[in-house]
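Undergrad: Make a model of this:
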Amino acid sequence: MSDETRCVRFFGGPLDGRVQELGDAEPVPGTVIRHIHLHGGPKIETRYELGLTEHGWEYRLAATQHEPEPEPDGLR
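TA: Numbering: from 1, shown residues only. A predicted model of the protein is given here:
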């Protein structure tokens, strides 16, 4: 395989534009990875889903799953 087919590009979120190698394992479309950014504030978690397009492998920003907001009385 060429170097181009063994690379994946990120679209959206904090990794937008980054390109990295896929590694030795065979890529599986639909695979979701998490990127966790730690800094002085709260932890920020971003999810990316792997897909194969006519341009090659891409990780696209996936929808985030939010915990439901607790009710004012503390109950869900």
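Undergrad: Stretch 42-53: which residues count as buried?
TA: 46-48, 50 (16 or more other Cβ atoms under 10 Å). Quick note: C-beta positions are derived from backbone N, CA and C, even for glycine.
Undergrad: Test my guess that Val19 contacts Val8.
TA: Yes. Counting by Cβ atoms under 8 Å, Val8 is a contact partner of Val19 at 7.1 Å.
Undergrad: neighbour-wise, which of the two wins?
TA: Using other Cβ atoms under 10 Å, the more surrounded residue of Val19 and Val8 is Val8, with 21 against 12.
Undergrad: what about that one, is that helix, strand or coil?
TA: Classification of Val8 using DSSP: H, G, I helix; E, B strand; the rest coil returns strand.
Undergrad: so what's it bridging to?
TA: Counting by DSSP bridges, Val8 is bridged to Gln20, Trp57.
Undergrad: Once you drop chain neighbours, what's closest to the residue nearest the centre of the chain?
TA: In the chain, the C-alpha nearest the mean C-alpha coordinate belongs to Tyr48, at 1.8 Å (Cα atoms, centre = their mean). Closest residue in space to Tyr48, ignoring its immediate chain neighbours: Tyr59 at 3.8 Å, by Cβ to Cβ, 6 or more residues apart in numbering.
Undergrad: what helix or strand does the one you found sit in?
TA: Taking DSSP states H and E as the definition, one finds Tyr59 inside strand 56-61.
Undergrad: For that strand, which helices and strands make contact with it?
TA: If you count contacts as 3 or more Cβ pairs under 8 Å, 6 or more residues apart in numbering; DSSP states H and E, strand 56-61 packs onto strand 7-11, strand 44-53.
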